[in-house]
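starting from these lines, generate the structure:
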Amino acid sequence: MRVDQETPRSTEAKLARRDAVLAAVTQASERLSEPQPWETLVPDALRILGEATRVSRVYIFEVARRDGIDVVSQRFEWCAEGVTPQIDNPSLQQMPLDAGFSRWGEVLRSGQPVFGDVDDFPESERPILELQEIRSILVQPIFEGNRWWGFMGFDACAGLQSWARVEVDTLRIAALLLGAAIHRQNRESLLRENQKLEALGRMASSVAHDLNNFLIVIGGAKQLLEEELQALGARTPAAQSYGAMVDQALERAGALTRRLLDFSRRQSSAPKILCPLELLRQEEPLLRQALRGGARLRIAAADPARAVAPVRVDPTEFTQIALNLAVNARDAMPAGGEVVFEVRSLDAGERPAFVDGVPEGMWTMIRVHDEGEGMSEEVLAHAFEPFFTTKPRGQGTGLGLSTVKTIVQAARGHLKVSSAPGRGTELRIYLPAQPGATSSDSEG
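As a prediction, the model looks like this:
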């Protein structure tokens, strides 16, 4: 490392570079403070910093926790002319830091930079750096609030490059500003979600009361109808069966009304220990009724030889999730097709949990796949927003997937979706597994 050491460059050249770095950080900070998604601002900010520092590459990596270790993936990159880009290098995606870079994880997590000449680095760190022709490097940590989010790196490939302390400190500001931009956007997004939920809560209360009034009328009319049939001697087994279906629908609608009121009052749910596969099979008649038409339903264990661990979730809410996803799948398949509810238990190191970035631990995954029209990237980006819908007016409220997301998050779960036009849609719901738990462990 050659920090604050004299080099053959003149004092004037050193001052010129220092001033250029200071000006670049100022310009980059102005860019990152613009009212746009930070992802759209980063490429220009990296270019500004790269040209000022005269390095070969400037890039950003995001860190995630997988199976107890830190893994990093390259998200953005700027390259000087003639320099080979590394953004598509597969070895720089989902790369474990403990594979030779555990020192980096410790230093960066503590808020300190990693910098110097690659020849001076520990032997375990050199191979992947040398493959990218890096000779000197500076890496600054990025923090989103108090969370270590990732890092910003500067590669010198054309020759060795020393870093003056003022340059190291100034470029640290650039990383701090990026972290602040990410944090600001996340907080603004959370605020918007809360505002939407407040509006949704007010609407839910109104809908619940109106729905309850309708249910009272339906229940009363059903009772009068049964009395009339009894008087006429026409209460056949078929009529009794239809009456039982109405009773079941009234009971479920009443439970939904209570959940709407609970949501509007911000009351907690009543989670219980249950097996998702068993509950789905129990609700299969209701799901088939919701699908109707040419849609086919299949409910199965992904691995019949492996037990499905129970989860802790409100059973009414879980049924609501299944119904919402079934109705969405039906609407996406106007010509018919198959809807699959598949359940399995796995740990975070197994696919697809590892690919989906689910935190370490044991999970029970509910995979829901349809053969429908699929969603474009633009639609997918807004799919879980309250009131967003692509259905014709009067055929959808835009609350189905938003409700699913809210319930899954309340159960401390995770929700991932994959979709493309013409290829259907797959949702993967991860709920914390409760191995060994029984219904006696349920709350409420």
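
Asp331: which element?
Per DSSP states H and E: Asp331 is located in helix 315-332.

same thing with Glu338?
strand 337-347.

I'd assumed Ala52 was in contact with Ala23.
Yes. Counting by Cβ atoms under 8 Å, Ala23 does reach Ala52; the two are 6.9 Å apart. For glycine as for every other residue, the C-beta is placed from the backbone atoms N, C-alpha and C.

can you give me the neighbour number for Phe61?
By other Cβ atoms under 10 Å, 23 other residues sit near Phe61.

and it, how far from Gln132?
13 Å (Cβ to Cβ, to the nearest Å).

likewise for Glu371?
Glu371 is 43 Å from Gln132, by Cβ to Cβ.

what about the closest residue to Gly372 other than its chain neighbours, how many neighbours?
Counting by Cβ to Cβ, 6 or more residues apart in numbering, Gly372 lies nearest to Ala332, which is 2.8 Å off, once chain neighbours are set aside. As a burial measure, Ala332 scores 21 neighbours (other Cβ under 10 Å).

likewise for the one 5 residues further on?
Residues within reach of Gly337, counting by other Cβ under 10 Å, total 17.

quick check: it touching Glu371?
Yes. In terms of Cβ under 8 Å, Gly337 counts as a neighbour of Glu371; the distance is 3.5 Å.

okay, and the common contacts of those two?
Gly424 (Cβ atoms under 8 Å, 6 or more residues apart in numbering).

before we move on, back to that, mind checking which of Ala23 and Ala52 has more residues around it?
Ala52 (23 against 13).

and that one, how far from Val217?
On the measure of Cβ to Cβ, Ala52 and Val217 end up 72 Å apart.

which SS state does the closest residue to Ser91 other than its chain neighbours fall under?
Of all residues not flanking Ser91 in the chain, Ile128 sits nearest, at 6.8 Å (Cβ to Cβ, 6+ apart). Using DSSP: H, G, I helix; E, B strand; the rest coil, the structure places Ile128 in helix.

any idea which helix or strand comes after whichever helix in the chain runs longest?
What stands out as the longest helix in the chain, according to DSSP state H, is helix 165-232. Next along the chain after helix 165-232, taking DSSP H and E as the criterion, comes helix 237-264.

list the contacts of the helix or strand hosting Leu287.
Per DSSP H and E: Leu287 is located in helix 284-291. Helix 284-291 is contacted from outside by 252, 280, 297, 299, 319, 322-323, 326-327, 329-330, 339, 341, using Cβ under 8 Å, 6+ apart.

now do 10 Å
With Cβ atoms under 10 Å, 6 or more residues apart in numbering as the test, helix 284-291 has contacts from 245, 248-249, 252, 280-281, 283, 295-299, 319, 322-327, 329-330, 333, 336, 339, 341.

buried ones among those?
For the contacts of helix 284-291, a burial check counting by 16 or more other Cβ atoms under 10 Å picks out 252, 280, 283, 295, 297, 299, 319, 322-327, 329-330, 333, 339, 341.

count the neighbours of Leu431 for me.
23.

surely it meets Glu317?
No. Taking contacts as Cβ atoms under 10 Å, Leu431 lies outside contact range of Glu317: 11.2 Å.

quick one: common contacting residues for these two?
In contact with both Leu431 and Glu317: 408, 411, using Cβ under 10 Å, 6+ apart.
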